[in-house]
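Colleague: Kindly generate the corresponding structure for this input.
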Amino acid sequence: MTKTTGTLIDGSVKLDEIVDLPNNIRVNVSLQPIVNDPLKAIAAWDRLQKRLSDRPVNSEGIKFTRDELHDRD
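Modeller: Purely as a prediction, here's the structure:
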């Protein structure tokens with residue numbers, strides 16, 4: 001899988017770099033705008049921190065040891 005960025009120009013995507021794929025190959029495309037506003041990023045981080053402090057994530061499940069998590073037979 002190749003992941004890159006690009007710019008939407010008149011309905012077409014102009015990639016920022018050349019990708020190593022043959023011409024005329026069909027690909028799946030997913031578009032997500034890049035947010036360049038640092039205030040929005042800070043606000044999103046603050047919302048996430050508040051949510052985690054209001055409703056902490058606790059699975060109350062089994063706590064595995066390092067050896068159990070990294071079982072290498």
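Colleague: Remind me which helix or strand the spatially most central residue of the chain belongs to.
Modeller: Of all residues in the chain, the one closest to the mean position by C-alpha atoms, centre = their mean is Gln32, 10.0 Å from it. Following DSSP states H and E, there is no helix or strand that holds Gln32.
Colleague: what's it sitting at in phi/psi?
Modeller: Note on Gln32: its backbone torsions stand at phi -140, psi 120 [degrees, to the nearest 10].
Colleague: Contact partners for it?
Modeller: With contact set as C-beta atoms under 8 Å, 6 or more residues apart in numbering, Gln32 has no partners. All C-beta atoms are positioned from the backbone trio N, CA, C, and that covers glycine.
Colleague: got the contact list for the closest residue to Asp20 other than its chain neighbours?
Modeller: If the residues on either side of it in the chain are set aside, Asp20 comes closest to Thr2, at 7.0 Å by C-beta to C-beta, 6 or more residues apart in numbering. Each residue near Thr2 by C-beta under 8 Å, 6+ apart is listed here: Val19, Asp20, Leu21.
Colleague: Next one: the residue nearest to the centre of the chain from Thr2, what distance?
Modeller: Going from Gln32 to Thr2 by C-beta to C-beta, to the nearest Å gives 15 Å.
Colleague: Likewise for Leu39?
Modeller: Taking C-beta to C-beta, one finds Leu39 at 32 Å from Thr2.
Colleague: so where is the chain shaky, pLDDT-wise?
Modeller: 73 (pLDDT under 70).
Colleague: Can you show me the strands along it?
Modeller: Here the chain has its strands, by DSSP state E, at 6-9, 12-15.
Colleague: Gly61: which of these is closest?
Modeller: Closest approach to Gly61 among the strands of the chain is made by strand 6-9 (41.3 Å; C-beta to C-beta).
Colleague: Name every strand pairing with the closest one and say which way it goes.
Modeller: Sheet pairing for strand 6-9, assigned by DSSP bridges, gives strand 12-15 (antiparallel).
Colleague: send the alpha carbons of the partner strand over as CSV?
Modeller: The C-alpha trace of strand 12-15 is given here as CSV (Å, rounded to 0.1, in the frame of the first residue of the first chain):
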residue,chain,number,x,y,z
SER,A,12,-8.6,15.9,-9.8
VAL,A,13,-5.9,14.9,-7.3
LYS,A,14,-2.3,16.0,-8.0
LEU,A,15,0.0,13.9,-5.9
